[in-house]
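Undergrad: this is a predicted model, with the sequence first.
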Amino acid sequence: LNRESGLSAHRPSLESRVLSKEGVVPWRPTEHSQQSPSGYSGLSLSALSGTIVSAGHLGLMGIRARHKARCSTQQRTFVELWRRPLRACTSTVFCHQAEGPLPARPSWDQGSVLPLLAATTLAEEGHGQVVIFQLDSTDNFNGVPITEKIVRTGKTSAWSCDWASSGSHLAVGCSRKIVLLDIRVTSSPSSRPVASDVLCQQFLYRRQGEVLVSGTRDGFVLISDFRSDSFIVSKFAQESSVCGLVRLSDGFNVISSCMNGFLGRWDLRNTSSPLVRYHGHMNSHSTVVPSTDSQEQYLYAGGRDGRVRVWDLKFSEPVLTSGVISQSIPRTAATQDRDDWLECPVWISSEESILQSLSLPVSRDVVGN
């Protein structure tokens, strides 16, 4: 196992270590920022390379991280790019590309390939909605929205969403239904009923076609195929409400996070028991969405004790545990920039409106060559 994975011959230490304070760089507003970021963090966090989108009860905030010197967290600077008021936001997710022409409306750049960002909201004003942002895509990508499209999901809240690999289809998890949007057309979205609220979703990319994995409030993981008449082709039970899912690149493994603190890795070809159950994670009621690094070697999750824990995906015990970062649950998002994988930067936000960059002191004798 170790030879195949590239790990060193010894198993990573099972003793948790506190991350050094030097590895944490607080985010501070630039001189061009005129408002406090309060209300723009703590609910959701997404990262695309060096661009981070944080969501809070007032709206979305885009931030760009810039490095003055590689592998030196003390030289990392943060620049606020934009804000978008959006009340009751529940999730955000990036799409690296959109294939084919975009919706036929003057405000959308026809036929271009641009990164997209989707955000979902609760039905506080009578209807849930999905807001799709088309982002600036220059040589120096800065993730600034250049236009947006709003799609209402009816009188039900929109809890979660995820992009299909094409970048043109978006699945939205709502209260007792799943909605599928095709952003290239203006027709009404299609929907399929489910038994409970869909709190999290992930598309699994396979050669024979994509399947959608959904986590529900009543404690099930649903496996759906939009090509099937029955839609939900299988499901398996969890210990409590499923609040977070992470897909792995093999197309069959998924990590689930539950509100009772369960965190485990599953092979969807045999769901009788988890492949790995990750110990130490703490949760009781919140929607905690874990994340992995681009090499799919480490798993990161914030707990209700205000700490961030890191696991080697193959082992149950955390290899790293941070000090107390927040009084609320830290939201984490790991960069997907493969050039930065050794430094393992993790972005963290909380309800106290702290946005931090956490670089883990991972040594080469642990991660291999």
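TA: All right, it came through fine. Numbering: from 1, shown residues only.
Undergrad: flag the helix or strand of this structure with the lowest per-element mean pLDDT.
TA: helix 2-5 (a mean of 30; mean pLDDT, DSSP states H and E).
Undergrad: contacts only, for Ala171.
TA: 161-162, 164, 178-181, 201, 203, 212 (Cβ atoms under 8 Å, 6 or more residues apart in numbering). Yep, even glycine has a C-beta here, placed from its N, CA and C like the rest.
Undergrad: and the two most separated of those residues?
TA: Across these, no pair lies farther apart than Val179 and Phe203, at 14.2 Å, counting by Cβ to Cβ.
Undergrad: which residues in the stretch 51-200 of the chain form strands?
TA: Under the criterion DSSP state E, counting those that start in this stretch, the stretch 51-200 of the chain contains strands at 51-55, 59-67, 76-85, 89-95, 116-121, 129-135, 145-152, 158-163, 169-174, 177-182, 190-193, 198-204.
Undergrad: looking at those strands, spot the one closest to Ser41.
TA: strand 51-55 (4.3 Å).
Undergrad: which strands and helices sit next to that closest one?
TA: strand 44-48, strand 59-67, strand 89-95 (3 or more Cβ pairs under 8 Å, 6 or more residues apart in numbering; DSSP states H and E).
Undergrad: could you tell me the least trusted of the ones you listed?
TA: Lowest mean pLDDT of the helices and strands packed on strand 51-55: strand 59-67, a mean of 78.
Undergrad: would you convert the strands of the stretch 51-200 of the chain into CSV that also reports distance to Phe231?
TA: Listed next are the strands of the stretch 51-200 of the chain as CSV, based on distance: least, Cβ to Cβ, whole Å:
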stretch, distance to Phe231
strand 51-55, 29
strand 59-67, 31
strand 76-85, 33
strand 89-95, 21
strand 116-121, 20
strand 129-135, 20
strand 145-152, 20
strand 158-163, 16
strand 169-174, 12
strand 177-182, 8
strand 190-193, 5
strand 198-204, 13
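Undergrad: closest to Phe252 out of these?
TA: strand 198-204 (7.2 Å).
Undergrad: what does the following helix or strand past the closest one rub up against?
TA: From strand 198-204 onward toward the C-terminus, using DSSP states H and E, the following helix or strand is strand 211-216. With contact meaning Cβ under 8 Å, 6+ apart, strand 211-216 is reached by 160, 162, 171, 173, 178, 194-204, 221-226, 233, 238, 241-245, 247, 254, 256, 268.
Undergrad: for the spatially most central residue of the chain, give me its contacts.
TA: Central residue of the chain (Cα atoms, centre = their mean): Ser46, 5.3 Å from the mean position. With contact set as Cβ under 8 Å, 6+ apart, Ser46 has these partners: 52-53, 92-94, 117, 333.
Undergrad: against Val254, how distant is Phe220?
TA: 13 Å (Cβ to Cβ, to the nearest Å).
Undergrad: typo on my end, it should be Pro145
TA: In terms of Cβ to Cβ, Pro145 sits 30 Å off from Val254.
Undergrad: looking at these two, which is more packed in?
TA: The neighbour count for Pro145 versus Val254, taken as other Cβ atoms under 10 Å, is higher for Val254 (22 against 19).
Undergrad: that one bridge partners, please.
TA: Arg247, Trp266 (DSSP bridges).
Undergrad: I'd guessed it sits against Leu248; true?
TA: Yes. If you go by Cβ atoms under 8 Å, Val254 and Leu248 touch, sitting 6.7 Å apart.
Undergrad: okay, and the common contacts of those two?
TA: Joint contacts of Val254 and Leu248 (Cβ under 8 Å, 6+ apart) are Arg265.
Undergrad: re earlier: show me how to select, in ChimeraX, the buried members of the contacts of strand 211-216.
TA: Command for ChimeraX, covering only those of these found buried under the criterion 16 or more other Cβ atoms under 10 Å:
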select :160,162,171,173,178,194,196,197,198,199,200,201,202,203,204,221,222,223,224,226,238,241,242,243,244,245,247,254,256,268
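Undergrad: ok, back up a step: need the helices and strands packed on strand 51-55 in TSV with distance to Ser350, can you?
TA: Shown next, in TSV, are the helices and strands packed on strand 51-55 (distance: least, Cβ to Cβ, whole Å):
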stretch	distance to Ser350
strand 44-48	10
strand 59-67	14
strand 89-95	15
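Undergrad: closest one to Val319 among those?
TA: Closest among the helices and strands packed on strand 51-55, using Cβ to Cβ: strand 44-48, at 21.3 Å.
Undergrad: just how off-centre is that closest one within its chain?
TA: Centroid displacement of strand 44-48 relative to its chain, using Cα atoms, centre = their mean, to the nearest Å, is 6 Å.
Undergrad: in its sheet, which strands sit next to it, and in what direction?
TA: Strand 44-48 has the following strand partners under DSSP bridges: strand 51-55 (antiparallel).
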